[in-house]
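Asks: below is the sequence, then the predicted model.
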Amino acid sequence: MLTDRQELVLRKLVEEYLEGGAPVGSKVLAEEVEWGPSTIRHELASLEELGLLAHPHTSAGRIPTEAGYRYFVDRLLPAHPSGPGLSLSLVRRELDEAMRLTTETLSQVTNLLAIVTAPPIETSTIRHIEVLVLQPQVLMVVVITSTGGVSKRLFTFPKPVDSGLADWAASYLNERLVGLGLGARILHQRLHDPSLAAIESAFVDALSPVFTELEESAQESMYVEGTARLLRLDRFAEVSELNALMDLLERRVSLLGVLREALSEHDVLVRIGTENDAPALRSMALVAASYGLPQRSLGAVSVIGPLRMDYGRAIRSVREAASQLSSFIVDVYDER
């Protein structure tokens, strides 16, 4: 535990470094506090011995270490940092649109890479199905889910489709499938009924891939915005770090695993540098929070950036985005 004087010096130094990006010397800090440079130099040396500061060059100032950032985030930042709020206009939007807007806004406000994961497939149920004849041999199946998602697929047949058969299929599929979860095993079993005529059974078989594809696409729903903001080389110590992050972004399954940890947190999760299990993030910082229903987390809102990020703004923005997205999700699920 640091003394009050050490905490003040550390807080001022981290704030100066986050703002300017250059090592901070005792003369700069002397302008911020009431003690002389010699006293400040003594405290800086003590903080360095504790592993909270590093001294890149003998004549240069000091910079925070990962441990210094961690102490700053855990003990020196206000529990609920103040500042301009993050406002999301999510009312009357489909789930996909709400996720994209959340990701875009979060990236713009923080100037970091923003990632939002969608609710898992088993939380969505089928709300309505349409079977539309567009041309004599072409029809479209539209599936609307309980979370507002819309999936559609075109089917082309070798012969003209009887419009009566299409109308029957719409009624049959709605009767059999509405209310079933997309990931439920029973869904595919309910597609078929032994009492169906051969032509009806074959027609249902032809349309069944739309439900399989809906499952597969929903399993990897992740929204990413702000990659270009991290492509500036001045944010990476080595090009290899940039390549590792790009590889992680391409491997969505791995990234989903990284963000899954946030689902069990009661508040914002902050992982700094080597605290991250993923090698690609060990020179980065991750700030994430879960969103969802009162008794169940459904997804994560997160930002990724350099160690020298505005932690106060990142934490505040992620917390607010998760809160507003949770309110939106509750409204959507109440409409089921």
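Replies: Nice, I can see it.

Asks: quick one: strands adjacent to the helix or strand encompassing residue 63?
Replies: Here residue 63, judged by DSSP states H and E, is contained in strand 63-64. Sheet pairing of strand 63-64 (DSSP bridges) gives strand 53-54 (antiparallel).

Asks: picking that back up, quick one: contacts of the strand holding residue 63?
Replies: 10, 13-14, 17, 23-24, 52-54, 56, 72, 307 (CB atoms under 8 Å, 6 or more residues apart in numbering). Placement of C-beta: from N, CA and C, glycine included.

Asks: which of those are buried?
Replies: By neighbour count, with 16 or more other CB atoms under 10 Å, the contacts of strand 63-64 hold 10, 13-14, 17, 23-24, 52-53, 72, 307 as buried.

Asks: most centrally placed residue in this protein?
Replies: residue 116 (2.3 Å; CA atoms, centre = their mean).

Asks: residue 188: how many residues sit nearby?
Replies: In terms of burial, residue 188 registers 14 neighbours under the definition other CB atoms under 10 Å.

Asks: you'd agree it is in a strand?
Replies: No. Counting by DSSP: H, G, I helix; E, B strand; the rest coil, one finds residue 188 to be helix, located in no strand.

Asks: now the helices for this structure?
Replies: Ranges of helices in the chain, per DSSP state H, are 4-20, 26-30, 37-49, 66-71, 95-110, 163-177, 186-190, 198-207, 209-218, 239-250, 252-260, 311-334.

Asks: which elements pack onto the fifth one?
Replies: Right, the one you point to is helix 95-110. Packing partners of helix 95-110 (3 or more CB pairs under 8 Å, 6 or more residues apart in numbering; DSSP states H and E): strand 113-117, strand 222-225, strand 296-306, helix 311-334.

Asks: with the second one instead?
Replies: Contacts of helix 26-30 with other secondary structure elements, assessed using 3+ CB pairs under 8 Å, 6+ apart, are made with helix 4-20, helix 37-49.

Asks: as TSV, the contacts of strand 63-64 with pLDDT and distance to residue 288 would be great.
Replies: Below are the contacts of strand 63-64 laid out as TSV (pLDDT from 0 to 100; distance: CB to CB, whole Å):
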residue	pLDDT	distance to residue 288
10	96	25
13	95	26
14	96	21
17	94	23
23	92	29
24	93	29
52	97	24
53	96	27
54	94	26
56	81	30
72	97	18
307	91	16
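
Asks: who does the residue nearest to the centre of the chain bridge with?
Replies: Assigned bridge partners for residue 116, using DSSP bridges, are residue 223, residue 301.

Asks: any idea of the pLDDT on it?
Replies: Model confidence at residue 116, given as pLDDT, is 93.

Asks: where does the chain dip in pLDDT?
Replies: 58-59, 80-85, 91-93, 121-123, 146-149, 182-185, 212-220, 231-240, 242, 333-336 (pLDDT under 70).

Asks: try it again with 50
Replies: Applying pLDDT under 50 to the chain flags the ranges 218, 233.

Asks: kindly report the domain assignment for it.
Replies: 4-76, 95-119+221-334, 122-218 (automatic domain parsing).

Asks: quick revisit: residues touching the residue nearest to the centre of the chain, list them.
Replies: Contacts of residue 116 by CB under 8 Å, 6+ apart are 99, 102-103, 106, 222-223, 299-302, 321, 325.

Asks: same question, residue 203
Replies: For residue 203, counting by CB under 8 Å, 6+ apart, the contacting residues are 165, 169.

Asks: try residue 190
Replies: The contact partners of residue 190, by CB under 8 Å, 6+ apart, come to 176-177, 180.

Asks: top of those residues by number of neighbours, please.
Replies: residue 177 (21 neighbours).

Asks: quick revisit: most neighbours per residue, which of the helices and strands packed on helix 95-110?
Replies: strand 113-117 (a mean of 27; mean count of other CB atoms under 10 Å).

Asks: strand 296-306 and that one, what's the angle between them?
Replies: 170 degrees (axes from the mean of the first three to the mean of the last three CA atoms, to 10 degrees).

Asks: please shift the residue numbers so they start at 47 in all later answers.
Replies: Right, with 47 as the first residue, what we last looked at is strand 159-163.

Asks: residue 289 versus the closest residue to residue 267 other than its chain neighbours, what's the distance?
Replies: Leaving aside its chain neighbours, residue 267 sits nearest to residue 164 (3.3 Å; criterion: CB to CB, 6 or more residues apart in numbering). Going from residue 164 to residue 289 by CB to CB, to the nearest Å gives 27 Å.

Asks: residue 93: neighbour count?
Replies: Neighbour tally, residue 93, other CB under 10 Å: 24.

Asks: again with residue 103
Replies: 7.

Asks: need the contact list for the spatially closest residue to residue 272 that is not a sequence neighbour.
Replies: Residue nearest to residue 272 in three dimensions, not counting chain neighbours: residue 153, with 3.4 Å by CB to CB, 6+ apart. Shown in contact with residue 153 (CB under 8 Å, 6+ apart): 159-160, 271-272, 275, 349.
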